[in-house]
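J.: pasting the sequence and the predicted model now:
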Amino acid sequence: MKITTGQIATIVEGIVDGDPDVVITGPSPIEEGRPGTVSFLSNPKYEQFLYSTNASAVLVHEDFSPTMKINPSLIRVKDVGASIAKLFEHFSTRYETPHSISEHAFIHEDALTSPNISVGMYSVISEGVKVGAGTVIHSQVFVGKNVTLGKNVTLYAGVKIYHDCVIGDNCILHSNVVVGSDGFGFTKNTEGQYEKIPHLGNVIIESNVEIGSNSTVDRGTIGDTIIRKGVKLDNLVQIAHNAEIGENTVMASQSGVAGSSKVGKNCVIGGQVGIIGHLKIADGTMIQGQSGVTRSINEENSKLYGTPAISYQNYLRSYSHFKNLPDLASQVRALQKEIEKLKDINPDINPEK
Amino acid sequence: MKITTGQIATIVEGIVDGDPDVVITGPSPIEEGRPGTVSFLSNPKYEQFLYSTNASAVLVHEDFSPTMKINPSLIRVKDVGASIAKLFEHFSTRYETPHSISEHAFIHEDALTSPNISVGMYSVISEGVKVGAGTVIHSQVFVGKNVTLGKNVTLYAGVKIYHDCVIGDNCILHSNVVVGSDGFGFTKNTEGQYEKIPHLGNVIIESNVEIGSNSTVDRGTIGDTIIRKGVKLDNLVQIAHNAEIGENTVMASQSGVAGSSKVGKNCVIGGQVGIIGHLKIADGTMIQGQSGVTRSINEENSKLYGTPAISYQNYLRSYSHFKNLPDLASQVRALQKEIEKLKDINPDINPEK
Amino acid sequence: MKITTGQIATIVEGIVDGDPDVVITGPSPIEEGRPGTVSFLSNPKYEQFLYSTNASAVLVHEDFSPTMKINPSLIRVKDVGASIAKLFEHFSTRYETPHSISEHAFIHEDALTSPNISVGMYSVISEGVKVGAGTVIHSQVFVGKNVTLGKNVTLYAGVKIYHDCVIGDNCILHSNVVVGSDGFGFTKNTEGQYEKIPHLGNVIIESNVEIGSNSTVDRGTIGDTIIRKGVKLDNLVQIAHNAEIGENTVMASQSGVAGSSKVGKNCVIGGQVGIIGHLKIADGTMIQGQSGVTRSINEENSKLYGTPAISYQNYLRSYSHFKNLPDLASQVRALQKEIEKLKDINPDINPEK
């Protein structure tokens, strides 16, 4: 995509201070600005980079005055933050897929598709699937029988959705995400071997959910695994059978929730966190990366750390003493010696029973 | 699928106490019972839900007498647990794939297939592959050269199996599982760069193994990576080159076993557990979630926790003191002060060398 | 592949001590040597296995003399290590793909391909893609718009690469790796919901990088995620947006680097390690498995352990005291009692304010 500094100024309702005909192909961070790109100065502490950047243009506040000579053209705007969002939006349209259905895709004759959908190559849309308007299914995606996809859903290449699952409007599932595989449920038979429990439940993903690459969401045993609206899951996240993730909760990469646990709304769960099964986690809980949560959290907005997880502050406090344990142990040994000496000069306490 | 309460009673050899013509479309948990579904009351502590459930029918023990008015029809059976299994089995057949080979699949002319197999769309069965009777290969699966698939194997959409690997009878591999990729083996050359060690070994998966979505099993360097019969691996599990997982061992999500480690039979390995390379883990070992095992475990049925993992009981005991470390440190400081005071009033010990 | 002991001797410039016509189909480890395979004795401590191995041939140093009767033919060589490398190389060629482009692959007419490339079945090469000479793209791979693949790149079945990403010469990406998915970047709007930040950056992977199965590398927000040359990532590894991994750094399975962190050269990062965002990790840092790094590491060649990670030695030292905490706490209790006794017989200190 090519655009001039003048055209950018029109998009962001700004004024070019410099050459309006410089050709721009995309954005770049100001500290690594490349020729032919536009950067941004929103945080004053980055101002130093303005004087050395190789970016061809920089968005600045309309009142900004440089204190040294600068190379890039400036585009002066009322609100740098809002302008960035507007411009990013503009740049990100470059890869919008034209709505089309590949001749190399398979769509079952009993699938119900809407106008303006896309289906990429070697994708499979099974019997009974419903696809909402504006939904984009990239290549090599599998959508199982009777799955419901809402409007404006995006399924990137390689997503696999098992039968019956429901994906809400505006959801984005990144490459190789798996939704609806059987949960990890077995019973031991009399010979001590595990036998599979059929998983008859489902996965319900509400609207505006984004799920990162290679993450997995298992279907319920009976009853459903539920991802509430606005949830954001990073890459390689595991959601087990019958778990529920509350509205607007975010989970960073490689974290996992075990079976039947209910995570509240607006929680912030760090990377590599594990939550064991059958717990309730209150709304607004924040869990530091790598923590292991082994009990229900009833108080809202708690902040947790450690394995098993305790309060964040208490963990850090205990951990600072953990680091000093060799010292503490020496101090105790020293005290023992002192006590022995004191006892030697207070012999009357020694024979005590 | 639709079935009446009367037909369910026939399947589970029970008696309908209520309307035998209610139409049921599937099971639901009693506490979230939906109209048109059948629930179960096997654990007495859930009895309260019987009186409020919206399920249309509930399986109960033949001797059960409700203490309040109930809405659902009851289906009285001798053994609720066994009846659940029988009924789940019945419901789960709804998605049985009719045995068919898609015209959009590729099967090499030198692959050896059996009767009653299924191959889904855009799947690839390479040269020299053997496929056992009743095996179901879903869409977009890749089966590399000379792979052997046993009888009644299920490979879900997107499974990738590299050349030569052997998958035993009745195995289930969920979507996007990778079997047989090269292990993480390199040697440093004289310039300090890593050079790849070719991986000439294989992966042998015995019968009745289930592997969860997006899990990975690497091939051996020389010699094989082995998953023994009855092993169950959850989602996002990593099995490194030349590892061996013993019979009926289960590993929860996001756990991993590093190179050449041998895990015994009947072990229970929690989520996000890591086992470093070249260890032996005795039969029946239980490892709590997020533990890191860094030494061989020789005693059977040990229970471990922590990083590095120690005995489960000892970890919890130490951790309870860890949580009180700020207190313990204060107590030591208090003791130091007391000692100073005692020394002040026992001046004869101070000048001691 | 079949080869005789005599032919092996020619390849490794050795001498057969035994039958030169034994047919060999591959290598095996000496302790598990199978008939029809060749093993190796490079480490003297494995000599015992020479006398019991079922391997048909064993490579040994030219000066080696057995102390007992042996069954296999020996192949005497100057340097066992170098001979293994040579022979492995030879055996590993058995699965070299003949260069061919499947008629069941899609290559956009505006993609730029080089001679001697392979494209497997149901793979998609999008508009504007450049493919270097000798590159092998296996089945069901997706290569997005304007991606650049260097020379001799190998993409295994199921790899997905989003638009614009750059993959250097000789890189190997194992099955179901995802490169270029959007980073985990959101802003909260005034209603407390997360809104997606478009990811306009890219992923640059330099030459000689290997990435294990089901690993994920996200694209930058603006600016790029960079994997420097010679980096080796194991399976299920996560590299977040705008992270940078330095030359010849290795990361074991299930480890992850959060957004914008810069990891130095020649680092060794254990399995299940997490590195939080916006850090700098000095060259040569070694991080023990399951550690959580929460601060920048400035000193080169540091060795870290724990969550939060501290020095490896200090962590182990503190952890050995952690294991003894119940004892230490008892000792403190005992001291408190002793002090009380001493105070009782030194009553003049008790009334002190």
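T.: Received, thanks. Numbers count the residues shown, from 1 in each chain, chains lettered A, B, ... in the order given.
J.: could you report the neighbour count for residue A:207?
T.: 16 (other C-beta atoms under 10 Å in any protein chain shown). Any C-beta I mention is one placed from the backbone N, CA and C, and that applies to glycine too.
J.: please report phi then psi for residue A:342.
T.: Phi and psi for residue A:342, reported as degrees, to the nearest 10, are phi -60, psi -40.
J.: kindly report the same for residue A:50.
T.: Residue A:50 adopts backbone torsions of phi -60, psi -30, taken as degrees, to the nearest 10.
J.: looking at chain A, which helix or strand is least sure?
T.: Ranking every helix and strand in chain A by mean pLDDT, DSSP states H and E puts helix A:80-92 at the bottom, with a mean of 82.
J.: that one packs against which elements?
T.: In terms of contacts (3 or more C-beta pairs under 8 Å, 6 or more residues apart in numbering or on different chains; DSSP states H and E), helix A:80-92 is packed against helix A:5-11, strand A:26-27, strand A:37-40, strand A:57-61.
J.: again, 7 Å this time
T.: For helix A:80-92, the packing partners by 3 or more C-beta pairs under 7 Å, 6 or more residues apart in numbering or on different chains; DSSP states H and E come out as helix A:5-11, strand A:26-27, strand A:57-61.
J.: deepest in the core, which of these is it.
T.: With neighbours taken as mean count of other C-beta atoms under 10 Å in any protein chain shown, the helices and strands packed on helix A:80-92 reach their highest mean count in strand A:57-61, at a mean of 25.
J.: that strand pairs with which strands, and in what direction?
T.: Strand A:57-61 pairs in its sheet with strand A:37-40 (parallel), strand A:73-77 (parallel), by DSSP bridges.
J.: can I get it as PDB, trimmed to CA atoms?
T.: Written as PDB, here are the backbone C-alpha positions of strand A:57-61 (Å, rounded to 0.1, in the frame of the first residue of the first chain):
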ATOM      1  CA  ALA A  57       7.200  11.400   8.400                       C
ATOM      2  CA  VAL A  58       6.200  11.700  12.100                       C
ATOM      3  CA  LEU A  59       2.800  12.400  13.600                       C
ATOM      4  CA  VAL A  60       3.100  15.000  16.400                       C
ATOM      5  CA  HIS A  61       0.800  17.100  18.500                       C
END
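J.: tell me how many other residues crowd the nearest residue to residue A:251 once chain neighbours are set aside.
T.: Nearest residue to residue A:251, sequence neighbours excluded (C-beta to C-beta, 6 or more residues apart in numbering or on different chains): residue A:269, at 4.3 Å. For residue A:269, the count of nearby residues is 29 (other C-beta under 10 Å).
J.: go on, residue A:265?
T.: Around residue A:265 there are 19 residues (other C-beta under 10 Å).
J.: I'd say it and residue A:248 touch.
T.: Yes: Residue A:265 lies in contact with residue A:248 (C-beta atoms under 7 Å); the separation is 5.9 Å.
J.: and residue A:239, how far is that from chain C?
T.: According to C-beta to the nearest C-beta, to the nearest Å, residue A:239 stands 16 Å off from chain C.
J.: kindly report the same for residue A:153.
T.: In terms of C-beta to the nearest C-beta, residue A:153 sits 14 Å off from chain C.
J.: make sure that residue is actually in contact with residue A:133.
T.: No: Residue A:153 is not in contact with residue A:133 according to C-beta under 7 Å; the separation is 10.0 Å.
J.: ok, these two, which is more surrounded?
T.: More crowded of residue A:153 and residue A:133, by other C-beta under 10 Å: residue A:153, with 24 against 14.
J.: enumerate every residue touching the nearest residue to that one once chain neighbours are set aside.
T.: Among residues not flanking residue A:153 along the chain, residue A:135 sits closest, at 4.4 Å (C-beta to C-beta, 6+ apart). Taking C-beta atoms under 7 Å, 6 or more residues apart in numbering or on different chains as the criterion, residue A:135 is in contact with A:117, A:149, A:151-153.
J.: which one of these has the most neighbours?
T.: In the contacts of residue A:135, the most neighbours by other C-beta under 10 Å go to residue A:149, 28 neighbours.
J.: touching chain C at all, stretch A:179-189?
T.: No: for a cut-off given as C-beta under 7 Å from any C-beta of the partner chain, stretch A:179-189 has no contacts with chain C; the smallest distance is 14.0 Å.
J.: hmm, that stretch touching chain B?
T.: Yes: contact of stretch A:179-189 with chain B (C-beta under 7 Å from any C-beta) involves A:181-182, A:184, A:186.
J.: how about a markdown table for these, with distance to residue B:323 added?
T.: Rendered in a markdown table, the data for the residues of stretch A:179-189 next to chain B read as follows (distance: C-beta to C-beta, whole Å):
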| residue | distance to residue B:323 |
| --- | --- |
| A:181 | 38 |
| A:182 | 38 |
| A:184 | 31 |
| A:186 | 34 |
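J.: how far is stretch A:132-148 from where the chain is centred?
T.: Relative to its chain's centre, stretch A:132-148 lies at 22 Å (C-alpha atoms, centre = their mean, to the nearest Å).
J.: spell out which parts of the stretch 201-350 of chain A neighbour chain B.
T.: By C-beta under 7 Å from any C-beta, the residues of the stretch 201-350 of chain A that approach chain B are A:214, A:216, A:218, A:222-223, A:236, A:238, A:240, A:254, A:256, A:258, A:272, A:274, A:276, A:292, A:307, A:310, A:314, A:317-318, A:321-322, A:328, A:331-332, A:335, A:338, A:341-342, A:345.
J.: in the stretch 1-150 of chain A, what residue comes closest to chain B?
T.: residue A:142 (3.9 Å; C-beta to the nearest C-beta).
J.: could you check how far that residue is from residue B:141?
T.: Residue A:142 sits 10 Å away from residue B:141, going by C-beta to C-beta, to the nearest Å.
J.: what residues are shared contacts of those two?
T.: When contacts are counted by C-beta under 7 Å, 6+ apart, residue A:142 and residue B:141 have B:157-158 as shared neighbours.
J.: need phi/psi at residue A:49.
T.: Per-residue torsions, residue A:49: phi -70, psi -20 (degrees, to the nearest 10).
J.: so how far is residue A:29 from it?
T.: 9 Å.
J.: name the nearest residue to residue A:182, sequence neighbours excluded.
T.: Excluding the flanking residues, the one nearest residue A:182 by C-beta to C-beta, 6+ apart is residue A:199, at 4.2 Å.
J.: surely residue A:61 and residue A:80 touch.
T.: Yes: the criterion here is C-beta under 7 Å, and residue A:61 meets it with residue A:80 at 5.8 Å.
J.: show me what contacts the residue lying closest to residue A:292 once chain neighbours are set aside?
T.: Closest residue to residue A:292 apart from its sequence neighbours, by C-beta to C-beta, 6+ apart: residue A:307 at 3.6 Å. Shown in contact with residue A:307 (C-beta under 7 Å, 6+ apart): A:291-292, B:290.
J.: thinking again about what came up before, can you point out the buried residues in the least confident helix or strand of chain A?
T.: Across helix A:80-92, burial judged by 16 or more other C-beta atoms under 10 Å in any protein chain shown covers A:80, A:83-84, A:87-88, A:90-92.
J.: done for today, thanks.
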